[in-house]
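No letters, just coordinates:
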């Protein structure tokens, strides 16, 4: 599966019907969520679905790091463009399990801020490390992000709804990064994305300074 | 797409229409009224939407079958509902109340990971997995059956509901096999489902008091 080349990906550039299929797939996945939200809404407000959806987008430090993963994947091309977004939710879930089960992770917020800084720098510098290095870096940061989400999981009436919400929101933020990263094929777009990476690194640096100041 | 796959797609379109119609109808009726009307069929059908673990498990199984081709789809979409109905009717012993959450979340992790990895399973394995999963989930659903519902009708409703979700998912994955981007999207959805399952399953196994699964 790693053997998928950049040329193969370019040959299969997403046509209009591809976007339609993606939309249909998303709708199909959301359909049971909506139904379940109605059925179980009496237990605890929204049961946690909306809270889960909002959690990754309610903190700028989370948002910039997630978008940076998508942007970096788009810069790196195949296979990183799909390996990173597929691996991230799984590693994030592993971090979430640590949070739910009460396993303490040192400096979680610092790790999240550092993820924004480093991933932003990777995008700004258009760094091209080996796939396993990129995967390792993203996986480590995914554990920090997952831990932060996971510690809030037991507070909600229906944890599966909260988990669904934050996994879907995280995936959609990656998708945003990948779609924006599609501009990488034009010289102006490439410069814009690198500038965006610099901005993400600045935001990450700001949050890192806040954490170090608080510590 | 082959003629068989096209036929499958048409059948699934009918399934989706029926599913939406059933959901809308249920929204306007109380559960007791529904049981009085149909003997438990719609209650069984509604059971597949009452717990998010059901649709996500069925969706992941459908994607897995779609990745393995039309033959695997046909056999999985036969074995899965049969397993659900038979599992409910042949329930052995009294399963604990957490069995349903455990079974569905464990299957979400397994099926989701297999989809994310695009595992090249032999075509016969996917229907077998679907049958075993159906048997387990069907048996675990016995507690949800109202006392005044007819078991056979409830089982049929449960099986039909499982089919309604797995069938469109298999068509999506089947059609996605034509282009790389769509295959990637299917695998990403598989990783999402596995991640959700892991988040529900792990606390139940590692820290039973920490979370109340939905």
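Structure's in. What do you need? Just so we're clear, the structure is a prediction, and the values are computed from it rather than from any experiment.

I'd like the distance between residue A:199 and residue A:172.
20 Å (C-beta to C-beta, to the nearest Å). For the C-beta atoms, the positions are set from N, CA and C on the backbone; glycine is no exception.

In chain B, which residue is most central in space?
Chain B has residue B:58 as the residue nearest its centroid, 2.3 Å off, counting by C-alpha atoms, centre = their mean.

how about that one, what does it touch?
Shown in contact with residue B:58 (C-beta atoms under 8 Å, 6 or more residues apart in numbering or on different chains): B:48, B:80, B:162, B:165, B:166, B:169.

For residue B:48, see how far away the fourth one is.
Counting by C-beta to C-beta, the separation of residue B:165 from residue B:48 is 7 Å.

residues bridging contact with these two, i.e. touching both?
Common neighbours of residue B:165 and residue B:48, counting by C-beta under 8 Å, 6+ apart, are B:54, B:55, B:58.

Return the residues in contact with residue A:80.
A:72, A:73, A:131, A:134, A:135.

which one among the residues you listed gets closest to chain B?
residue A:73 (10.9 Å; C-beta to the nearest C-beta).

so how far is the host helix or strand of residue B:172 from its chain's centroid?
Using DSSP states H and E, the element containing residue B:172 is helix B:151-176. Mean-position distance between helix B:151-176 and its chain equals 6 Å (C-alpha atoms, centre = their mean, to the nearest Å).

same deal with stretch A:144-164?
Centre-to-centre, stretch A:144-164 and its host chain are 15 Å apart (C-alpha atoms, centre = their mean).

and that stretch, which residues are buried?
A:144-154, A:156-164 (16 or more other C-beta atoms under 10 Å in any protein chain shown).

Stretch A:124-131 too?
Buried residues in stretch A:124-131 (16+ other C-beta under 10 Å): A:124, A:127.

Pull the distance from that stretch to the chain's centre.
With C-alpha atoms, centre = their mean, you get 18 Å for stretch A:124-131.

now do stretch A:108-122
Centre-to-centre, stretch A:108-122 and its host chain are 13 Å apart (C-alpha atoms, centre = their mean).

contacts for that stretch?
Outside stretch A:108-122, the residues that reach it (C-beta under 8 Å, 6+ apart) are A:61-62, A:64-65, A:68-69, A:72, A:105, A:127, A:134, A:137-138, A:140-141, A:144-145, A:147-148, A:197-205, A:207-208, A:210-212, A:215.

what stretches of chain B score poorly on pLDDT?
B:1-38, B:92-95, B:97, B:207-214 (pLDDT under 70).

how about the helices in the chain?
In the absence of a named chain, this looks at chain A. A:6-11, A:16-39, A:49-58, A:60-76, A:80-100, A:108-124, A:131-150, A:159-181, A:187-214 (DSSP state H).

my question was about chain B
Under DSSP H, chain B gives helices at B:3-27, B:31-38, B:41-50, B:53-67, B:70-89, B:99-116, B:125-140, B:151-176, B:180-206.

Please name the nearest non-neighbouring residue to the residue nearest the centre of chain A.
By C-alpha atoms, centre = their mean, chain A has its centre lying nearest to residue A:66, at 3.5 Å. Once flanking residues are discounted, residue A:66 sits nearest to residue A:173: 3.6 Å by C-beta to C-beta, 6 or more residues apart in numbering or on different chains.

Would you confirm that the one you found contacts residue A:58?
No - counting by C-beta atoms under 8 Å, residue A:173 stays clear of residue A:58, with 11.9 Å between them.

So if I had to pick from those two, which one is more boxed in?
Counted by other C-beta atoms under 10 Å in any protein chain shown, residue A:173 and residue A:58 do not tie: residue A:173 has more neighbours, with 23 against 11.

Just the pLDDT at residue A:111, thanks.
Residue A:111 carries a pLDDT score of 90 in this model.

To what extent is it buried, counted in neighbours?
For residue A:111, the number of neighbouring residues by other C-beta under 10 Å comes to 20.

what does residue A:189 give?
14.

try residue A:132
Residues lying near residue A:132 (other C-beta under 10 Å) number 9.

what does residue A:195 give?
When neighbours are counted by other C-beta under 10 Å, residue A:195 registers 12.

Next: residue A:96.
Residues contacting residue A:96 under the criterion other C-beta under 10 Å number 33.

Next: residue A:213.
For residue A:213, the count of nearby residues is 7 (other C-beta under 10 Å).

which of the buried residues of stretch A:144-164 are close to chain B?
For chain B, the contacts drawn from the buried residues of stretch A:144-164 by C-beta under 8 Å from any C-beta of the partner chain are A:150, A:153, A:154, A:157, A:158, A:159, A:160, A:161, A:163, A:164.

Residue B:69: which of the contacts of residue B:58 is nearest?
Within the contacts of residue B:58, the smallest distance to residue B:69 is 14.5 Å, found for residue B:169 (C-beta to C-beta).

Which residue comes closest to the closest one once chain neighbours are left out?
Per C-beta to C-beta, 6+ apart, closest to residue B:169 is residue B:62, 2.7 Å.

so who does that neighbour touch?
Residue B:62 sits next to B:76, B:77, B:165, B:166, B:167, B:168, B:169, B:170, B:172, B:173 when contact means C-beta under 8 Å, 6+ apart.

Generate CSV for those residues, with neighbour count and distance to residue A:121 as supplementary columns.
As requested, those are exported to CSV (neighbours: other C-beta atoms under 10 Å in any protein chain shown; distance: C-beta to C-beta, whole Å):
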residue, neighbour count, distance to residue A:121
B:76, 29, 46
B:77, 26, 48
B:165, 27, 43
B:166, 31, 44
B:167, 28, 46
B:168, 24, 43
B:169, 28, 39
B:170, 32, 43
B:172, 25, 38
B:173, 28, 37
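
Could I get these in a markdown table, plus columns for distance to residue A:81?
Formatted as a markdown table, the contacts of residue B:62 follow (distance: C-beta to C-beta, whole Å):
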| residue | distance to residue A:81 |
| --- | --- |
| B:76 | 30 |
| B:77 | 32 |
| B:165 | 29 |
| B:166 | 29 |
| B:167 | 30 |
| B:168 | 27 |
| B:169 | 24 |
| B:170 | 26 |
| B:172 | 21 |
| B:173 | 20 |
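
and residue 198, how many neighbours?
You didn't pick a chain, so chain A it is. The tally of other residues near residue A:198 (other C-beta under 10 Å) stands at 15.

Please refer instead to chain B.
As a burial measure, residue B:198 scores 26 neighbours (other C-beta under 10 Å).

Equivalent analysis for residue B:122, please.
Counted with other C-beta under 10 Å, residues neighbouring residue B:122 total 9.

Start and end of stretch A:124-131, how far apart?
18 Å (C-alpha to C-alpha, to the nearest Å).
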